[in-house]
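>>> Task: produce atomic coordinates for the following.
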Amino acid sequence: MSAKSAISKEIFAPLDERMLGAVQVKRRTKKKIPFLATGGQGEYLTYICLSVTNKKPTQASITKVKQFEGSTSFVRRSQWMLEQLRQVNGIDPNRDSAEFDLLFENAFDQWVASTASEKCTFFQILHHTCQRYLTDRKPEFINCQSKIMGAADSVTSAVQKASQALNERGERLGRAEEKTEDMKNSAQQFAETAHKLAMKHKC
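Now for the predicted structure:
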């Protein structure tokens, strides 16, 4: 089982949440954290995860998950609601870069993803999720490559088109049901009229 699959199963599934995407990261600038604050557990891997609740109304959130050296389990650390995200900075729009910043209402983190492609995929999912679940204040995406935003827009557009197609199909089905009901009523009226005529001639 991959690390991301394990995180989804261990961290999010028990809370009835669905993980949409994750990126393995390291800090670009080391924070000075007292030894006791880390529990003395040494080195660790960090993942930034994006998830949504299965229950309606859907709530999306970004969670920092850690896996300490020598451990097979994962630990949920910080968590922010998606609406607290203010800015996503891709650092360099002209080249493949693994670096990015996330600015929240009450926090600012500078990260380096394990690979530029992993960051790219995470950005596409993040952008699409913001478009889908945030109605009011959406975060600003700056210094992002056009291929990232283009792909993200394509995903959003594809989802919107699929939703529109389903709505149109539903409308067509509704109209078909109305026509079927009209035909049924006409047939019923015809049968009643025929029955009355037959009874009249019989008499």
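>>> so where does the most centrally placed residue in the chain fall, helix or strand?
Nearest to the mean C-alpha position of the chain, by CA atoms, centre = their mean, lies T129 at 4.1 Å. Under the criterion DSSP states H and E, the helix or strand holding T129 is helix 116-133.
>>> Using the three-state scheme, assign T72.
coil (DSSP: H, G, I helix; E, B strand; the rest coil).
>>> Count the residues that sit near it.
Residue crowding around T72 was assessed by other CB atoms under 10 Å; the count is 7. C-beta here means a position set from N, CA and C on the backbone, and glycine is covered the same way.
>>> Make residue 1 into 7 and carry on from there
In the new count, where the first residue is 7, that last one comes out as T78.
>>> Dihedrals phi and psi, it?
Dihedral pair for T78: phi -100, psi -10, per degrees, to the nearest 10.
>>> now swap in G156 and tell me
In terms of degrees, to the nearest 10, the main-chain angles of G156 are phi -60, psi -40.
>>> Looking at it now. What's its pLDDT?
pLDDT for G156: 77.
>>> Repeat that for S163.
Per-residue confidence for S163 comes out at a pLDDT of 58.
>>> returning to what we had before: how far away is the residue nearest to the centre of the chain from Q65?
Here the criterion is CB to CB, to the nearest Å. By it, T135 lies 11 Å from Q65.
>>> what residues are shared contacts of those two?
58, 88 (CB atoms under 8 Å, 6 or more residues apart in numbering).
>>> that older thread, give me the average confidence score over the helix holding T135.
Computed over helix 122-139, the mean pLDDT rounds to 96.
>>> Return the list of helices and strands in contact with that helix.
Helix 122-139 makes packing contacts with strand 23-33, strand 50-59, strand 91-95, strand 105-110, helix 152-208 when contacts are defined by 3 or more CB pairs under 8 Å, 6 or more residues apart in numbering; DSSP states H and E.
>>> Can you flag the weakest of these by average pLDDT?
In terms of mean pLDDT, the lowest-scoring of the helices and strands packed on helix 122-139 is helix 152-208 (a mean of 67).
>>> My guess is L91 contacts D107. True?
No: look at L91 against D107 with CB atoms under 8 Å: they stay out of range, at 11.2 Å.
>>> Tell me which of those two has more neighbours.
Here L91 and D107 are compared on neighbour count by other CB under 10 Å; more neighbours surround L91, at 23 against 16.
>>> how about the nearest residue to that one, chain neighbours excluded?
P145 (4.4 Å; CB to CB, 6 or more residues apart in numbering).
>>> Equivalent analysis for N100, please.
Residue nearest to N100 in three dimensions, not counting chain neighbours: Q151, with 7.6 Å by CB to CB, 6+ apart.
>>> ok, that neighbour touching P99?
Yes: the pair formed by Q151 and P99 meets the contact definition of CB under 8 Å, at 5.4 Å.
>>> ok, the two, which is more surrounded?
Q151 (19 against 14).
>>> sorry, back to before: may I have the phi/psi pair for the residue nearest to L91?
Residue torsions, per degrees, to the nearest 10, at P145 are phi -70, psi 160.
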